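J.: dropping the sequence and predicted coords here.
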Amino acid sequence: MKLLLTAGLMLLLLSCSQGADSPRGFSLPEGNPAKGELVFRKYQCLACHSLKGFEDDSTEKQLPTPVRLGGNVSQIKTYAELVTSVINPSHKIAQHYVPSMVSDDQGHSKMRNYNDLMTVSELVDLVAFLQPQYQLVPYRRTDYPTFLP
């Protein structure tokens with residue numbers, strides 16, 4: 001019975017990754033980080049975001065507390081996550097912000113839709129610029145004292 005259940009579960013998992021909506025085979029060309037910085041500035045990302053080392057006083061701020069990009073993270077920011085954040089920002093909304101600051105009444109991201117403005121080249125360059133802005137910090141385990149009987 002366990003073998004049948006395990007085989008069924010494996011078949012279910014494999015079928016999910018092989019369907020028409022599977023990301024299997026999806027790949028974008030490599031981006032240019034220097035051009036990505038220009039894209040970051042062109043689309044005035046600092047109006048709603050903050051990024052250490054990048055300031056722009058000429059950009060009108062759209063949020064009272066900008067959404068932070070980059071910095072120390074406990075999980076790596078993958079290429080796919082960053083691409084998705086730009087083309088479908090409502091997919092995953094930052095959890096550590098007051099919801100009304102970053103999403104509307106329907107729970108959709110307040111981020112402007114750039115899909116009809118930004119070229120694919122600009123997108124891959126932007127992601128190539130943003131990805132190195134995140135530094136993976138290993139998870140720090142809690143040291144518990146050892147009690148001897």
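T.: That came through fine. On a predicted model such as this, the values are computed, not experimentally measured, just so you know.

J.: the strands in this protein, which residues?
T.: Secondary structure of the chain, counting by DSSP state E: strands at 49-51, 67-69, 71-73, 134-136.

J.: quick check: L69 vs L28, distance?
T.: 19 Å (Cβ to Cβ, to the nearest Å). Just so you know, the C-beta spots here come from the backbone N, C-alpha and C atoms, and that holds for glycine as well.

J.: for these two, indicate the residue with more neighbours.
T.: Neighbours per residue, other Cβ atoms under 10 Å: of L69 and L28, the larger number sits with L69, 20 against 14.

J.: that one and D116, how far apart?
T.: Relative to D116, L69 is positioned 22 Å away (Cβ to Cβ).

J.: contact partners for L28?
T.: With contacts defined as Cβ atoms under 8 Å, 6 or more residues apart in numbering, the neighbours of L28 are 79, 83, 120, 123-124.

J.: make it 10 Å
T.: Going by Cβ atoms under 10 Å, 6 or more residues apart in numbering, L28 touches 79-80, 83, 120-121, 123-124, 127-128.

J.: same check, this time on A47
T.: Taking Cβ under 10 Å, 6+ apart, we find A47 in contact with 56, 59-63, 66, 112.

J.: of those residues, just the buried ones, ChimeraX syntax please.
T.: To isolate the buried subset of these in ChimeraX, counting by 16 or more other Cβ atoms under 10 Å, use the following:
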select :66
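
J.: so which of the strands of the chain is nearest P145?
T.: For the strands of the chain, distance to P145 was read as Cβ to Cβ. The smallest value, 27.5 Å, belongs to strand 71-73.

J.: helices and strands around the closest one, which ones?
T.: strand 134-136 (3 or more Cβ pairs under 10 Å, 6 or more residues apart in numbering; DSSP states H and E).

J.: the strand it packs on pairs with which strands, and in what direction?
T.: Here strand 134-136 is paired, per DSSP bridges, with strand 71-73 (parallel).
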